[in-house]
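J.: how would this look folded up:
(one chain, ligands or ions: 2)
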Amino acid sequence: MFGKKVKTFPQGGIHPEDKKFSDHKQIVDLPLPATVYIPCSQHIGAPAVPVVQPGDKVLVGQLIAQRQGFISANVHSSVSGTVKKMVELPDPEGWKKPSFEIEVSGDEWLDGIDRSPELNMDITATPDEIRAKVTAAGIVGLGGATFPADIKLSIPPGKSAEFLIINGVECEPYLTSDHRLMLEKAEEIIVGIRIALKALGLKKALVGVEANTPDAIEQLKKFSNPYPEIEIVALKVWYPQGGERQLVKALTNREIPPPPRGLPIDVGCVVFNVATCFSIYEAVQKNKPLIDRVVTVTGDSVKDPSNFRVRIGTPIRALIDAAGGLPEDTAKVIRGSVMMGKAIPDISIPITKGAGGIVIIPENEAKRKQKQVCIRCAKCVSVCPLGMEPYLLMTLVEQGRLDEAELEKITNCCECGCCSFTCPSNRPLLDYIRYGKASVLQRMKARQQK
Ligand code: SF4
Ligand code: SF4
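T.: Ligands and ions are numbered 1, 2, ... in the order given. Have a look, this model is predicted:
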């Protein structure tokens, strides 16, 4: 279909089984729950500060927690109702964070939010007004990174940018929320991309989409046709193609400097996910804060794998119920995706801005195979997209040799999991590397504070 060879990144990678059970399922609105739980911290950076108290009545779209400091994001009520109390809920990393418990009484929206389905294509806001609207709306990276979007819409002093890179790659197995959004909201996404181009003063956007979603590519091409500054590029179906580093390399042949300091802007790129572009459209053209998102609920035993538009703060249990209930053979529930997501301790915790998927893993899939000795096959090395030596990193962490792990740059690991996925000896490489990386980062931080 695409004639020439599709682009990709040059080193490592794998192709896990797709299992996109919900890719044909239209996005449907999940009914409002009886109670929502909205954390003050759903983003990278400082938690937002509550501006409403228990007992206060709130409307949909009302600011309930105000951003503080440079890296932070506003939080809004996703329902109308009464703030009952503040509760502590575990975030995706398991840390307890203050959250609003709001009893839902209806669906009354704040004045000024345009809820009409009409497409608004005329971008009249100036770059400063765009940034102000995105800040006010609490938009963060919806691909999972949750970095505040307004910061990325300003080029930092001393840097320059050439390309806006749009991530339409959903390379993780199971997930289909971005695919559906590209199919159903392609026009809005294209307007969102034009808004971001205007705010950044850039002349070129490259939209990377995996070649196994030709319908999404077709839609985006159709609606971007009048705008030569937007190019839709089919990419090889290869994991982790959606990683920022791999995406930038595939689309521009530029290499982001190694982490922890290297950023896309260092090679003249600014990266946004397609769902973030859709939210930018809603914030700027419709005045709508980030109060909902599309979430895939899926798994091998799930009765009705689905894509839902969900109000932020909805308990995950409500999504699972709507997809046919928790299967009897459930071993674990993952928030995010199977390769990079994490198992959650409790399905009563809420959907937050960064959660694009809930994947339910059955017992037969979850069972870990017996760990064997390393046979020095180097398969883990060959699939690592960053050219690291996972077998060595695991050994160093296992033996407590963290100084050497630091010298081997364990902190560069992007936690893609390609190494563990490939190891014929079932060695839990990523578990050890993740632990070692966190320990080394802690030591580095402690050194800086001395
Ligand atoms: S998890 Fe880390 S070490 Fe393993 S393949 Fe990915 S980047 Fe390499
Ligand atoms: S893939 Fe597994 S067995 Fe092969 S070298 Fe790596 S750790 Fe050892």
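J.: leaving out the residues flanking it, which one is nearest to residue 211?
T.: residue 234 (4.4 Å; CB to CB, 6 or more residues apart in numbering). C-beta: built from backbone N, CA, C; applies to glycine.
J.: contacts for the host helix or strand of that neighbour next, please.
T.: Residue 234 belongs to strand 230-235 when assigned by DSSP states H and E. For strand 230-235, contacts defined as CB atoms under 8 Å, 6 or more residues apart in numbering pick out 2, 6-8, 169, 190, 193-194, 197, 204-211, 214, 217, 220-221, 224, 241, 247, 250-251.
J.: and these, which are buried?
T.: Among these, those buried by neighbour count (16 or more other CB atoms under 10 Å) are 6-8, 169, 190, 193-194, 197, 205-211, 217, 220-221, 224, 241, 247, 250-251.
J.: which stretches of the stretch 201-350 of the chain form helices?
T.: Assigned by DSSP state H, counting those that start in this stretch, the helices in the stretch 201-350 of the chain fall at 214-224, 244-252, 274-286, 316-322.
J.: residue 37: what secondary structure?
T.: Classification of residue 37 by DSSP: H, G, I helix; E, B strand; the rest coil places it in strand.
J.: distance of it relative to ligand 2?
T.: Residue 37 is 41 Å from ligand 2, where distance means CB to the nearest ligand atom, to the nearest Å.
J.: now that residue, which residues is it bridged with?
T.: Per DSSP bridges, the residues bridged to residue 37 are residue 101.
J.: please tell me I have it right and it contacts residue 87.
T.: Yes: the pair residue 37 and residue 87 qualifies as a contact (CB atoms under 8 Å) at a distance of 6.7 Å.
J.: more neighbours, those two?
T.: Each of residue 37 and residue 87 has its neighbours counted (other CB atoms under 10 Å); residue 37 has more, 20 against 13.
J.: quick one: buried residues of the strand holding residue 234?
T.: 230-235.
J.: distance from that strand to the middle of the chain?
T.: How far strand 230-235 lies from its chain's middle: 20 Å, per CA atoms, centre = their mean, to the nearest Å.
J.: run a quick neighbour tally on residue 131.
T.: Residues near residue 131, counting by other CB under 10 Å: 20.
J.: what sits against it?
T.: 150, 153-154, 199.
J.: how close does it sit to residue 124?
T.: Applying CB to CB, to the nearest Å, the value for residue 131 to residue 124 is 15 Å.
J.: which SS class is residue 448?
T.: Following three-state DSSP, we place residue 448 in the helix state.
J.: wait, doesn't residue 285 sit right on residue 116?
T.: No: Residue 285 is not in contact with residue 116 according to CB under 8 Å; the separation is 10.9 Å.
J.: related to what we said a few turns ago, shared neighbours, residue 37 and residue 87?
T.: The contact sets of residue 37 and residue 87 overlap at 99, 101 (CB under 8 Å, 6+ apart).
J.: show me where the stretch 1-150 of the chain has strands.
T.: For the stretch 1-150 of the chain, strands defined by DSSP state E, counting those that start in this stretch occupy the ranges 27-29, 35-39, 49-50, 57-58, 63-66, 75-76, 80-90, 96-106.
J.: and the third one, average pLDDT?
T.: Put plainly, it is strand 49-50. Across strand 49-50, the average pLDDT comes to 96.
J.: hmm, back to that, any of the contacts of residue 131 buried? List them.
T.: For these, a burial check counting by 16+ other CB under 10 Å picks out 150, 153, 199.
J.: could you pull up the mean pLDDT of whichever strand or helix holds the last one?
T.: Yep, that's residue 199 we're talking about. Using DSSP H and E, residue 199 falls within helix 186-200. Helix 186-200 comes out with an average pLDDT of 98.
J.: show me how far it is from its chain's centre.
T.: On CA atoms, centre = their mean, the centre of helix 186-200 falls 19 Å from the chain's centre.
J.: then stretch 276-288?
T.: The answer for stretch 276-288 is 17 Å, by CA atoms, centre = their mean.
J.: can you show me the CA trace of it as PDB?
T.: Only the C-alpha atoms of stretch 276-288 are listed here, as PDB (Å, rounded to 0.1, in the frame of the first residue of the first chain):
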ATOM      1  CA  THR A 276      -2.900  15.700  23.300                       C
ATOM      2  CA  CYS A 277      -3.500  17.500  20.000                       C
ATOM      3  CA  PHE A 278      -7.200  16.600  20.300                       C
ATOM      4  CA  SER A 279      -7.300  18.100  23.800                       C
ATOM      5  CA  ILE A 280      -5.400  21.200  22.600                       C
ATOM      6  CA  TYR A 281      -8.100  21.600  20.000                       C
ATOM      7  CA  GLU A 282     -10.800  21.300  22.700                       C
ATOM      8  CA  ALA A 283      -9.000  23.800  25.000                       C
ATOM      9  CA  VAL A 284      -8.400  26.500  22.400                       C
ATOM     10  CA  GLN A 285     -11.400  26.200  20.100                       C
ATOM     11  CA  LYS A 286     -14.000  25.000  22.600                       C
ATOM     12  CA  ASN A 287     -12.800  26.400  25.900                       C
ATOM     13  CA  LYS A 288     -12.900  22.900  27.400                       C
END
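J.: need the contact partners of that stretch.
T.: Identification of contacts with stretch 276-288 by CB under 8 Å, 6+ apart yields 61, 112-115, 120, 123, 125, 130, 133-134, 136-137, 139-143, 149, 166, 181, 185, 188-189, 191-193, 195-196, 272, 289-290, 293.
J.: and if you look at stretch 342-349?
T.: By CB under 8 Å, 6+ apart, the residues outside stretch 342-349 that reach it are 37, 89-90, 92-94, 315-317, 320, 326, 332-336.
J.: which pair of those residues spans the longest distance?
T.: Farthest pair in those (CB to CB) is 93 and 326. Separation: 23.3 Å.
J.: more crowded one of the two?
T.: Set residue 93 next to residue 326 and count neighbours by other CB under 10 Å: residue 326 wins out with 17 against 8.
J.: is it true that that one touches residue 360?
T.: Yes: at 7.0 Å, residue 326 counts as touching residue 360 under the criterion of CB under 8 Å.
J.: overlap in contacts, these two.
T.: Listed contacts common to residue 326 and residue 360 are 320, 333; contacts here mean CB under 8 Å, 6+ apart.
J.: which element is residue 166 on?
T.: Per DSSP H and E, residue 166 falls inside strand 163-168.
J.: which residues touch the helix or strand just after that strand?
T.: The first helix or strand that comes after strand 163-168 along the chain, using DSSP H and E, is helix 177-184. By CB under 8 Å, 6+ apart, the surrounding residues in contact with helix 177-184 are 20, 22-23, 25-27, 143, 168, 170, 189, 209, 213, 215-216, 219-220, 273-275, 278, 293-296, 307, 356-357.
J.: before we move on, the earlier item: let me know the closest of the buried residues of strand 230-235 to ligand 2.
T.: residue 235 (26.1 Å; CB to the nearest ligand atom).
J.: okay, and the beta partners of the closest one?
T.: Here residue 235, judged by DSSP bridges, has bridge partners residue 7, residue 210.
J.: this structure against ligand 2: which residues are in contact?
T.: Within reach of ligand 2 by CB under 6 Å from any ligand atom, the chain has these residues: 374-380, 391, 422-425, 427, 429.
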